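Q: Okay, sequence plus prediction incoming.
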Amino acid sequence: MSDDGRLELLGRVLDGFNAHDLDAILEHFADDCVFESPRGPDPWGRRFVGKDEVRSGFAARFAGIPDVQYRGEGDFVSGERGVSEWTLTGTTVDGERVEVRGCDLWTLRGDRIVRKDSYWKSVER
C-alpha cells in the first residue's frame, strides 16, 4: 500500500473513533495488533495485545469519556510508520471536562495497523 493509501486509512480510523464505531476502527487492525494507551501502570502505559484486548481498550475510552471526540491536526506516513496529531475533547463520567493534545505513533504492515502507541499532554490546573 502506498503512503497516500496509508494516510487515507488513518483518516478512516479517525472517523471510526469519532463515530465510536469499534468495528469500523478495528477492521483496519491486524489480528496480532498492539495498543499502548497513554496512561497505565507501566512506563508504556497499559498494553493491549490482540484485537479482542485492543477492542476492550478502545471501548474503555468510550465508556470513560462518553462524548470523546478527536480533532485531527495532521498525519504523516513514511513506509510502515506514521504519526497522527490530534486534540481530544470530552467529558468524563465524573463530569470533568477534558481537552488535551496528543499523538499516535503507528506501525503498519501492508494495509493493516499492527501498533498504535498513544501519547497525550498532562494538563495541570
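A: On my side now, so go ahead. Residues are numbered from 1 along each chain as shown.

Q: ranges for the strands of the chain?
A: Assigned by DSSP state E, the strands in the chain fall at 29-36, 47-49, 69-78, 81-91, 97-109, 112-120.

Q: from what I can see Phe29 touches Asp111, true?
A: No. Between Phe29 and Asp111 there is no contact under C-beta atoms under 8 Å: 10.7 Å. Just so you know, the C-beta spots here come from the backbone N, C-alpha and C atoms, and that holds for glycine as well.

Q: Settle it for me: which of these two has more neighbours?
A: Phe29 (21 against 11; other C-beta atoms under 10 Å).

Q: how close does Glu27 sit to Val34?
A: 17 Å (C-beta to C-beta, to the nearest Å).

Q: now swap in Arg112 and tell me
A: The gap separating Arg112 from Val34 is 12 Å, by C-beta to C-beta.

Q: more neighbours, these two?
A: Higher neighbour count among Arg112 and Val34: Val34, with 20 against 16, using other C-beta under 10 Å.

Q: Excluding sequence neighbours, find me the nearest residue to the more buried one.
A: Distances taken as C-beta to C-beta, 6 or more residues apart in numbering put Arg115 closest to Val34, at 4.8 Å, once the chain neighbours are dropped.

Q: Let me see the confidence value for the one you found.
A: We have a pLDDT of 98 for Arg115.

Q: Quick check: beta-bridge partners of it?
A: Arg115 forms beta bridges with Val34, Thr107, as assigned by DSSP bridges.
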